[in-house]
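Predicted model and sequence follow; I will ask about them next.
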Amino acid sequence: MCVVSCEWIEDQLRIENVLEEIRAWLEESRNRDELIVLYLDVSSNLIRWKQEDALASAFESSLGTYLLRRNDTGSLVELVRQNKRVVLVSRRSLQSAGDIYHYTSSPSTCSYPCCVDALFLNHRWTEYDIGVFCDKTGKLRSGMEKKAGKEDPENPFYTRIVTNQLRYGPLSKDFIPIPSPVNIHNGNAQDLYRVGVNTLATDYIDPVQMKDHVWAWSHTLNVSSLRDSYAEYCVVMKPNRTAWSLTLCRETHAVLCQHEKNPHLFVKGAVVSNPQLFLPLLHSAPSPVANASSLCPDGYVFSPPTTA
């Protein structure tokens, strides 16, 4: 006799509820400059059961005005200002679903201007299993920058790493009685981002694991404690650190300058205090950066890093 464990349908999240949660997040004023990429790992059953139109209808109903469609054009900044802030990326072609999906196998997914700016970088979407980047112990292999698509600044590409943390009774995906070491975890996530990987598709992610995927800001930064006095602080990257933090603007620090042609090359510029340097919000009127031209060497501009 075989005993099978079943989950009642009532225990499963309906997509309508999930999309309404996403919409509520997009509508918050503090998130109006944010863009979301939803990756659809759809199976052939969706097509076999003729549910393509139902899925598309759910997206249109909940997120229609936010969806970036295949025919939309403009820079990433322009599209965000138009409220085109949700990108649906599917690994499987859904022929009857209209223009709301961007397919990983299609060259057009990464060819229009918004992608060149920042989102998909340039020309192709590439996916790898975690075992390509990490050895049997879960440690990052050496020389992975090329596969991550960031070795050549003139021709970068978008990289997504997938993993599988399914369990079969007491066994892991590798059919061993312990969790598989070849997975995305706190021992390799930051290393993978540092070589230029864009997305780590982690199974069963939780708030604790989410901290491993924040490469920009220091984990020790207590934002809530700064809420009443944030105007006094400037963003800094402290020596021998790779994350941003905050310090009082009256302190003296060097300006960070980015190469005009190589986005991965940075040097220190002039040493200043109270620099009055800021990057305007996407929805703000463009404002010139005070004295920025004199703060950086020739061929460099004041700019923050946008990748790990």
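Noted; the coordinates are in hand. Residues are numbered from 1 along each chain as shown.

drop to CA atoms for contacts and neighbour counts, all remaining ones
Will do.

what sits up against stretch 83-90?
For stretch 83-90, contacts defined as CA atoms under 8 Å, 6 or more residues apart in numbering pick out 32, 34-42, 63, 65-69, 79, 100-104.

Same question for stretch 159-176.
Identification of contacts with stretch 159-176 by CA under 8 Å, 6+ apart yields 125-130, 148-149, 177-180, 183-184, 196-204.

run the last query once more with 6 Å
Outside stretch 159-176, the residues that touch it by CA atoms under 6 Å, 6 or more residues apart in numbering are 126-130, 148, 177, 179, 197-201, 203.

low-confidence ranges in the protein?
Residues of the chain that meet the criterion pLDDT under 70 lie in 1-11, 96-97, 107-123, 227-230, 278-293.

can I see the domain layout of it?
What automatic domain parsing lists as the domains of the chain is 9-213, 223-302.

chain center to the first one, what's the gap?
Which is domain 9-213. Averaging C-alpha positions (CA atoms, centre = their mean, to the nearest Å) puts domain 9-213 8 Å from its chain's average.

Going along the chain, name the strands of the stretch 201-308 of the chain.
For the stretch 201-308 of the chain, the strands defined by DSSP state E, counting those that start in this stretch cover 233-236, 245-248, 252-259, 266-273, 300-302.

Point out the other helices and strands that the third one packs with.
Using 3 or more CA pairs under 6 Å, 6 or more residues apart in numbering; DSSP states H and E, the elements in contact with strand 252-259 are strand 266-273, strand 300-302.

relative to strand 266-273, how tilted is that strand?
Following axes from the mean of the first three to the mean of the last three CA atoms, to 10 degrees, one obtains 150 degrees for the angle between strand 252-259 and strand 266-273.

Would you reformat the helices and strands packed on strand 252-259 as a markdown table and include distance to residue 166 and mean neighbour count?
Listed next are those as a markdown table, based on distance: least, CA to CA, whole Å; neighbours: other CA atoms under 10 Å:
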| stretch | distance to residue 166 | mean neighbour count |
| --- | --- | --- |
| strand 266-273 | 41 | 16 |
| strand 300-302 | 45 | 22 |
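
would you list those strands in JSON lines and tack on distance to residue 162?
What follows is the helices and strands packed on strand 252-259, written out as JSON lines (distance: least, CA to CA, whole Å):
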{"stretch": "strand 266-273", "distance to residue 162": "30"}
{"stretch": "strand 300-302", "distance to residue 162": "35"}
